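**Q** Need a 3D model of the following:
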Amino acid sequence: MRRFLRENGLGLASFGFFLMFFGGQILTGFLDYNQNQQDHGQQPIGFTAYFTTGHFVEATFENWESEFLQMGAYVLLTVWLRQKGSAESKQLEGDEEVDKDPREEADCPDAPWPVQQGGLILVLYEYSLTIALFALFVLSFLLHAAGGASDYSQDQLAHGGQAISMVHYMGTARFWFESFQNWQSEFLSVAAIVVLSIFLRQRGSPESKPVAHPHSATEE
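**A** So this is what the prediction gives:
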């Protein structure tokens with residue numbers, strides 16, 4: 001168990017924080033939703049029923065969408081773009097280990113099976129991280145739209161208006177306001193770590209350059 005925790009500590013801690021904060025979102029969202037129900041003279045709902053509401057779906061996937069967009073775009077941008085002095089950038093000149101053609105190592109017994117298999121499987125595997133992140137972005141984007149349409153329609157009906165479809169909701173300023181306010185914050189955080197890692201350090205972190213290295217050193 002100790003070895004397992006040591007070898008997987010970063011992932012376990014990250015998912016642990018996710019579950020803790022997600023639980024906080026669910027609980028407070030449930031309380032906020034029922035408070036809004038009471039304010040409009042409607043009956044509160046049960047805890048499990050909250051998971052089917054547009055309020056929960058929209059709030060959850062609105063945020064997930066921006067995270068997957070940011071990570072997918074960042075992974076892709078770091079293939080071609082550089083930032084002098086940043087710990088997040090590849091070297092300004094020359095190829096690195098990640099640039100090597102995996103076909104040259106197809107005979108390695110420890111290579112992942114898609115590398116040994118070759119062909120279309122390998123082509124997809126070469127770009128699988130970006131494909132997965134953008135696929136999760138698209139899925140979250142659509143669920144954000146579906147949940148937002150449901151929540152928006154419920155609000156409209158409560159005020160004597162009409163319900164709208166998901167496609168119609170995607171044409172509203174509210175939908176894009178929800179998206180843009182999250183997207184801009186994600187790319188701000190990326191820009192911050194890229195630029196701050198030029199001048200600032202965190203001893204022991206792979207996201208930082210060695211403390212004694214000069215600001216001009218460009219390295220992951």
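**Q** OK, contacts around the residue nearest the centre of the chain?
**A** Of all residues in the chain, the one closest to the mean position by CA atoms, centre = their mean is Glu67, 2.3 Å from it. For Glu67, the contacting residues are Glu186, by CB atoms under 8 Å, 6 or more residues apart in numbering. Every residue, glycine included, has its C-beta placed from N, CA and C.
**Q** How much space separates it from Leu27?
**A** Noted for Glu67: a distance of 21 Å to Leu27, by CB to CB, to the nearest Å.
**Q** for Leu81, same thing?
**A** Here the criterion is CB to CB. By it, Leu81 lies 41 Å from Leu27.
**Q** Let me know the next secondary structure element after the lowest-mean-pLDDT helix or strand in the chain.
**A** Ranking every helix and strand in the chain by mean pLDDT, DSSP states H and E puts helix 113-117 at the bottom, with a mean of 91. Sequence order places helix 119-126 as the next helix or strand after helix 113-117, per DSSP states H and E.
**Q** pLDDT below threshold where in this structure?
**A** Counting by pLDDT under 70, the chain contains low-confidence ranges at 220.
**Q** contacting residues around stretch 92-101?
**A** Here stretch 92-101 has contacts from 82, 84, 90, 218, 220, using CB under 8 Å, 6+ apart.
**Q** Report the two members of the residues you listed separated by the largest distance.
**A** Lys84 and Glu220 (13.3 Å; CB to CB).
**Q** Which one's more surrounded, these two?
**A** Glu220 (15 against 11; other CB atoms under 10 Å).
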